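Chemist: Sequence and computational prediction follow.
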Amino acid sequence: MNTDLLVVGSGLFGLTVAERAANELGLKVAVIDRRSHLGGNAYSENDPETGIEVHRYGAHLFHTSNERVWDYVNRFTRFTDYVHRVYTRHRGEVFPMPINLGTINQFFRAAYGPDEARALIREQAGELAGTDPQNLNDKGIQLIGRPLYEAFIKHYTAKQWQTDPSELPAEIISRLPVRYTYDNRYFNDTHEGLPVDGYTAWLERMADHPNIELHLDTDFFDESQPYSKSGTVGRIPVVYTGPVDRYFDYAEGPLSWRTLDFEREVLPTGDFQGTSVMNYPDEDVPFTRIHEFRHFHPEREYPRDRTVIMREFSRFAGNGDEPYYPVNTAADRERLLQYRTLAKQERNVLFGGRLGTYKYLDMHMAIGSAISMFDNRLQPFLAGSAPLE
Ligand code: FAD
Ligand code: NA
């Protein structure tokens, strides 16, 4: 096998490691992915009917305050000046999110200044002051008061978890941001934008190197292909970005995830909702939000008589579902510690990315941690000066 390094998974973590190893060290890198496309969950495709770019695994907004990551990603793509904002539709009315002075004044039909609004929320949150909230419902009330919590958070959270918040652990939320200004910019990072010619063009450029060989439709656990676990581990170094529990055959039990279902539809209008993301926080609507993809790229020429929307539904992942967000129960955290020990003992295999570490990672975090893994662990090993563990 004429390969110096195997990378399992072509998401942003795997692609970053592969690109670094090929470009910095001139290594021959094989990247495998069990899906039929590269890019992991950041992958996007143009809707065949309208040409509108659709993020297949949910809306992806790039943002970072990490200058090193920003410089790195700009080698592969330029970014638009898109600024993300989210709105929420509650009882037939649309409010700005995250909860800010505009939301508060609209909700209470008032014209409070920041200090008055702060005092009001403090008073409403005082309902459960001094108590130790035992579930998410009480925690939410204690953080922002019952009226805002029940309107914008309670049922939304219930739909996300398919569980009544009074039966969810309080620690799922540590804070609920309330802004006492009219600023409804969603992210606070220094840099924000969308790749000018789309996510897939960006991701393909990362893999575009004579030393990088990409094998799609190739599962690491399929023994019939040459880059399988038994065919590679112990022979060549492996960076594994698939689910850590799967690698060890669920020896310590499965880690639990939430998954999402997406319902895509082309509608015969040039504009369905006037913005890219609308939350639906009420209990009588089964989905949590609607994405309208044309609004991510107002600078593009898209059809004026059709639009693509995607409704998002959330639930616990079962066998065979795509794992999206770690549930992170006490049992999960216990298991994760066991898997970390096993991963450390697995010689010449490094575990990374959101599935390999069981952590929600934004794109900039996945890229940043891949760069660190390359610099601190892979490069010293591949240069012959350190073991790989
Ligand atoms: P992934 O992208 O999941 O890539 C892992 C790859 O490994 C996959 O392609 C998978 O097919 C492959 N793989 C797994 N098992 C095997 C196997 N056995 N054999 C071969 N290949 C295998 N980040 C942001 O910065 N902004 C956002 O707005 C944003 N929105 C998101 C919305 C959703 C719904 C989700 C789920 C994530 C979002 N993210 C967002 C996070 C972003 O998707 C991750 O940062 C990124 O996917 C992490 O890359 P990764 O390489 O770690 O994992
Ligand atoms: Na290891």
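Modeler: Perfect, thanks for sending it. Ligands and ions are numbered 1, 2, ... in the order given.
Chemist: I figured Leu101 was touching Asn184, is that so?
Modeler: No - Leu101 lies out of contact with Asn184 (Cβ atoms under 8 Å); the separation is 9.4 Å. Glycine gets a C-beta too; all of them are placed from N, C-alpha and C.
Chemist: who has more neighbours, the two?
Modeler: Taking other Cβ atoms under 10 Å, Leu101 and Asn184 do not tie; Leu101 has more neighbours (22 against 19).
Chemist: Do you know the pLDDT at that one?
Modeler: For Leu101, the pLDDT comes out at 98.
Chemist: Low-confidence stretches in the protein?
Modeler: The chain contains residues with pLDDT under 70 at 385.
Chemist: Could you list the buried residues of stretch 370-380?
Modeler: 370-371, 373-374, 377-379 (16 or more other Cβ atoms under 10 Å).
Chemist: would TSV of those residues with secondary structure be doable?
Modeler: Below are the buried residues of stretch 370-380 laid out as TSV (DSSP: H, G, I helix; E, B strand; the rest coil):
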residue	secondary structure
Ala370	helix
Ile371	helix
Met373	helix
Phe374	helix
Arg377	helix
Leu378	helix
Gln379	helix
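Chemist: Ligand 1: which of those residues is nearest?
Modeler: Lowest distance from ligand 1 to the buried residues of stretch 370-380 (Cβ to the nearest ligand atom) belongs to Ala370, with 7.7 Å.
Chemist: What is the burial count for Arg289?
Modeler: Arg289: 23 neighbours (other Cβ under 10 Å).
Chemist: contacting residues for the closest residue to Arg179 other than its chain neighbours?
Modeler: Of all residues not flanking Arg179 in the chain, Asn100 sits nearest, at 4.0 Å (Cβ to Cβ, 6 or more residues apart in numbering). Going by Cβ atoms under 8 Å, 6 or more residues apart in numbering, Asn100 touches 178-184.
Chemist: let's see it at 10 Å
Modeler: By Cβ atoms under 10 Å, 6 or more residues apart in numbering, the contact list for Asn100 reads 117, 177-185.
Chemist: among the residues you listed, who's most crowded?
Modeler: Neighbour-wise, those (other Cβ under 10 Å) top out at Ala117, 22 neighbours.
Chemist: Hmm, it is touching Gly145, no?
Modeler: No - here Ala117 lies out of contact with Gly145, judged by Cβ atoms under 10 Å, at a distance of 11.1 Å.
Chemist: that older thread, where's the residue nearest to Arg179 relative to Thr181, distance?
Modeler: 6 Å (Cβ to Cβ, to the nearest Å).
Chemist: between those two, what contacts are shared?
Modeler: In contact with both Asn100 and Thr181: Ala117, using Cβ under 10 Å, 6+ apart.
Chemist: Dump the C-alpha coordinates for stretch 25-32 into CSV.
Modeler: Below are the C-alpha coordinates for stretch 25-32, written out as CSV (Å, rounded to 0.1, in the frame of the first residue of the first chain):
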residue,chain,number,x,y,z
LEU,A,25,5.1,17.1,4.6
GLY,A,26,4.6,15.8,1.1
LEU,A,27,3.0,12.6,2.4
LYS,A,28,0.7,10.4,0.4
VAL,A,29,-2.7,10.5,2.1
ALA,A,30,-5.7,8.3,1.5
VAL,A,31,-9.0,9.8,2.7
ILE,A,32,-12.0,7.5,2.8
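Chemist: what ranges do the strands span in the stretch 51-200 of the chain?
Modeler: 53-55, 62-64, 86-90, 93-97, 191-193 (DSSP state E, counting those that start in this stretch).
Chemist: cool, and the stretch 201-350 of the chain?
Modeler: 212-215, 238-240, 257-267, 277-279, 289-292, 307-316, 325-326, 349-351.
Chemist: burial measure for the residue in the stretch 101-250 of the chain that ligand 1 sits nearest to, as a count.
Modeler: Among all residues of the stretch 101-250 of the chain, Gly242 sits closest to ligand 1, at 2.8 Å; criterion: Cβ to the nearest ligand atom. A count of neighbours around Gly242, defined by other Cβ under 10 Å, yields 22.
Chemist: hang on, it packs against Thr357?
Modeler: No - look at Gly242 against Thr357 with Cβ under 10 Å: they stay out of range, at 11.3 Å.
Chemist: Overlap of the contact sets of these two?
Modeler: Phe351.
Chemist: so who does the residue of the stretch 201-350 of the chain found nearest ligand 2 touch?
Modeler: Going by Cβ to the ion, ligand 2 is nearest to Glu346 of the stretch 201-350 of the chain, at 4.2 Å. Going by Cβ under 10 Å, 6+ apart, Glu346 touches 233-234, 238, 240, 247-248, 388-389.
Chemist: Please identify, among those, the one with the most neighbours.
Modeler: Top of the contacts of Glu346 by neighbour count (other Cβ under 10 Å): Tyr240, with 26 neighbours.
Chemist: Next, the contact list for that residue, please.
Modeler: 6-9, 14, 220, 229, 232-233, 246-247, 343, 346, 349-353, 355-356.
Chemist: Then Met278?
Modeler: With Cβ under 10 Å, 6+ apart, Met278 has these contacts: 86-89, 94, 97, 272, 289-292, 309.
Chemist: Make a ChimeraX selection of the buried ones in those.
Modeler: In ChimeraX, a selection of the buried entries from those looks like this (16+ other Cβ under 10 Å):
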select :86,87,88,89,97,272,289,290,291,292,309
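Chemist: so Ala317 touches Ser256, yeah?
Modeler: Yes - taking Cβ under 10 Å as the definition, Ala317 is a contact partner of Ser256 at 7.3 Å.
Chemist: Give the residues shared as contacts by these two.
Modeler: Joint contacts of Ala317 and Ser256 (Cβ under 10 Å, 6+ apart) are 323, 327.
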